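In: Here is my input; please provide its structure:
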Amino acid sequence: MRQFGFALVGIMLLASSAWAQHDPAEKVKDVAGAKPTIELVFVIDTTSSMGGLIEGAKQKVWGIVNEVMKSPSKPEVRMGLVAFRDHGDAYVTNVLPITRDLDKVYSTLMAYAAVGGGDAPEDVRQALCDGVRKAGWAERSPNVAQILFLVGDAPPHNDYSDEPDTIASASEAVKKGIIVNTIQCGNMQGTDTAWKAIARAGEGEYFAIAQNGGVVAVATPFDAELAKLGAKVGSTYMAFGGGMAGPAAAEFRRQKAGMQARLEASVTAAAPKAAAADRAYNKAINAAAYDDSDLVQAVENGKVKLESIKTEELPDELQKLTPEARQKMVDEKIAERKKIREQIVELSKKRDAYIAEVQKKQADASKSGFDSAVSDALKAQISRRVVKP
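Out: Next comes the predicted model:
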């Protein structure tokens with residue numbers, strides 16, 4: 001698992017270089033609110049005592065997203081992360097702003113390690129403030145539900161008087177249209193009082209779960225095949241763009257394609273099998289499964305027309321082809337992707353039935369875990385914020 005985290009860190013470092021370049025694919029606007037949209041931010045304590053919860057989140061995050069996407073309004077899901085520790089640790093907060101690139105979110109989550117802490121209270125004040133102010137929430141809209149989860153086991157350092165009070169931050173969130181929920185891991189003295197007060201001020205819910213996160217992941221005979229199919233969908237990714245002609249644009253596309261290939265290989269080889277299976281299902285149901293540099297997705301969704309793209313911005317394998325041959329190759333990629341998606345959906349039905357049967361036999365085992373707390377809150381709160389189409 002640690003090797004997987006290191007591999008993904010490397011992928012993300014390469015990504016930061018590629019993403020920094022101008023990409024004409026960005027003309028595909030990433031605007032929230034055009035359709036029902038859910039923005040989720042998890043503010044997570046990543047100190048030593050939170051190892052179990054973090055591993056559980058890595059297991060379940062794709063399943064949580066899928067459950068939301070399967071709801072009747074079929075909303076787009078965007079997610080952000082705020083990892084926090086305390087003064088004297090490697091960082092106080094580490095913010096990944098809200099994005100629809102869920103692979104980027106997952107890569108960041110997988111790289112989290114539970115380290116540091118040790119003095120009970122943590123810097124919850126700065127963490128919650130950054131979750132409200134720095135997470136990149138969209139402008140308030142009747143089609144957007146914005147929900148934050150504060151997850152941890154230790155109370156705030158209330159002696160950090162130079163940082164915003166947690167109640168003030170929760171109240172600020174409400175004014176912006178953001179619901180604030182709290183999830184307490186374990187039973188450390190003082191945490192429940194603080195977490196309940198934050199949830200009240202944030203018009204959200206308070207949940208108490210086991211110190212280890214209480215996540216129950218059911219292994220199935222279908223997980224490995226679904227992981228392979230997920231990687232197979234990813235192999236149809238075709239990078240385009242680059243914003244310039246010549247070697248720089250070609251290098252941009254090469255990096256993009258290489259990062260996607262390495263991510264698929266890493267997920268297949270080392271991610272938790274249940275998570276890899278859930279990720280595969282997401283690739284089958286998510287119209288924005290890949291970033292805006294994926295030509296196949298952009299053409300399939302009608303975001304760009306192949307004939308409107310400059311030759312030097314096309315994938316290398318298309319540049320020397322005639323316009324007709326280019327269209328044929330992209331159409332074949334789209335058809336291939338659709339076929340794999342259908343296989344994933346059918347296999348996922350069998351997996352769901354298997355999991356349901358197992359869960360009948362362990363009826364109470366997963367009712368108080370991290371994933372069930374998040375799911376319960378989302379079911380109750382999304383309808384409070386989103387106007388159904």
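In: Could you tell me the backbone phi and psi angles at G80?
Out: When quoted as degrees, to the nearest 10, the phi and psi of G80 stand at phi -140, psi 160.
In: check contacts around it.
Out: When the contact criterion is Cβ atoms under 8 Å, 6 or more residues apart in numbering, the partners of G80 are 39-42, 95-99, 105, 135-136. For glycine as for every other residue, the C-beta is placed from the backbone atoms N, C-alpha and C.
In: Top of those residues by number of neighbours, please.
Out: Neighbour tally across the contacts of G80 (other Cβ atoms under 10 Å): the maximum, 29 neighbours, falls on V41.
In: if I've got this straight, that one is in a helix?
Out: No: with the criterion set as DSSP: H, G, I helix; E, B strand; the rest coil, the secondary structure at V41 is strand rather than a helix.
In: domain assignment for this protein?
Out: In the domain annotation for the chain, the residue ranges read 31-216+364-385, 223-354 (automatic domain parsing).
In: Include mean pLDDT when you put the ones you listed into JSON lines, please.
Out: Listed next are the domains of the chain as JSON lines, based on pLDDT from 0 to 100:
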{"stretch": "domain 31-216+364-385", "mean pLDDT": "92"}
{"stretch": "domain 223-354", "mean pLDDT": "93"}
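In: ok, the contacts of G80 vs Q381, which is closest?
Out: Within the contacts of G80, distances to Q381 taken as Cβ to Cβ reach their minimum at L40, with 10.5 Å.
In: wait, what's in contact with the closest one?
Out: With contacts taken as Cβ under 8 Å, 6+ apart, L40 has the following neighbours: 77-80, 147-149, 378.
In: let's see 6 Å
Out: Neighbouring residues of L40 by Cβ atoms under 6 Å, 6 or more residues apart in numbering: 79, 147.
In: Show me where the stretch 251-389 of the chain has its helices.
Out: In the stretch 251-389 of the chain, the segments counted as helices under DSSP state H, counting those that start in this stretch are 273-285, 295-300, 316-319, 323-361, 370-385.
In: Check the stretch 1-150 of the chain too.
Out: Defined through DSSP H, counting those that start in this stretch, the helices belonging to the stretch 1-150 of the chain, from first to last, are 2-20, 51-69, 102-110, 124-133.
In: picking up where we left off before, which among the helices of the stretch 251-389 of the chain is found nearest to P221?
Out: Checking the helices of the stretch 251-389 of the chain against P221 by Cβ to Cβ gives helix 323-361 as the closest, at 7.1 Å.
In: What is the neighbour count of the nearest residue to E67 once chain neighbours are set aside?
Out: Beyond its immediate neighbours in the sequence, the residue positioned closest to E67 (Cβ to Cβ, 6 or more residues apart in numbering) is S375, lying 5.9 Å away. Applying other Cβ under 10 Å, we find 16 other residues in the vicinity of S375.
In: What separation do you get for S375 and S49?
Out: In this structure, S375 and S49 are separated by 24 Å, where distance is defined by Cβ to Cβ, to the nearest Å.
In: ok, now L109?
Out: 18 Å.
In: thinking again about what came up before, can you add distance to G246 and give the helices of the stretch 251-389 of the chain back as a markdown table?
Out: A markdown table is the format used below for the helices of the stretch 251-389 of the chain (distance: least, Cβ to Cβ, whole Å):
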| stretch | distance to G246 |
| --- | --- |
| helix 273-285 | 33 |
| helix 295-300 | 19 |
| helix 316-319 | 12 |
| helix 323-361 | 20 |
| helix 370-385 | 47 |
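In: wait, which of those helices is closest to F240?
Out: Distances from F240 to each of the helices of the stretch 251-389 of the chain were compared by Cβ to Cβ, and the smallest falls on helix 295-300, at 4.2 Å.
In: helices or strands up against that closest one?
Out: Counting contacts by 3 or more Cβ pairs under 6 Å, 6 or more residues apart in numbering; DSSP states H and E, the secondary-structure elements packed against helix 295-300 are helix 323-361.
In: Buried ones in the helix it packs on, by neighbour count?
Out: If you call a residue buried by 16 or more other Cβ atoms under 10 Å, then helix 323-361 has these buried ones: 326-327, 329-330, 333, 337, 340-341, 343-344, 347-348, 351, 354-355.
In: Now do it against helix 273-285: the angle between them, please.
Out: Angle between the axes of helix 323-361 and helix 273-285 is 130 degrees (criterion: axes from the mean of the first three to the mean of the last three Cα atoms, to 10 degrees).
In: Please name every helix or strand in contact with helix 323-361.
Out: Using 3+ Cβ pairs under 6 Å, 6+ apart, helix 323-361 is in contact with helix 223-234, helix 273-285, helix 295-300.
In: ok now it, how far from the chain's centre?
Out: Put simply, helix 323-361 sits 20 Å off its chain's centre (Cα atoms, centre = their mean, to the nearest Å).
In: same check, this time on stretch 242-262
Out: Using Cα atoms, centre = their mean, the offset of stretch 242-262 from its chain centre is 24 Å.
In: buried set for that stretch?
Out: Neighbour-count burial for stretch 242-262, counted by 16+ other Cβ under 10 Å, picks out 242, 249-250, 252-257, 259-260.
In: Grab the two from those that are most spread out in space.
Out: Across those, no pair lies farther apart than A249 and Q260, at 17.1 Å, counting by Cβ to Cβ.
In: who touches the closest residue to A90 other than its chain neighbours in this structure?
Out: Closest residue in space to A90, ignoring its immediate chain neighbours: G116 at 6.4 Å, by Cβ to Cβ, 6+ apart. With contact set as Cβ under 6 Å, 6+ apart, G116 has these partners: 47, 85, 89.
In: which one is the first one nearest to, not counting chain neighbours?
Out: Okay, so that is T47. Counting by Cβ to Cβ, 6+ apart, G117 is the residue found nearest to T47 once chain neighbours are left out, at 2.7 Å.
In: Next: A231.
Out: The shortest distance from A231 to any residue that is not its chain neighbour, by Cβ to Cβ, 6+ apart, is 4.1 Å, and that residue is E264.
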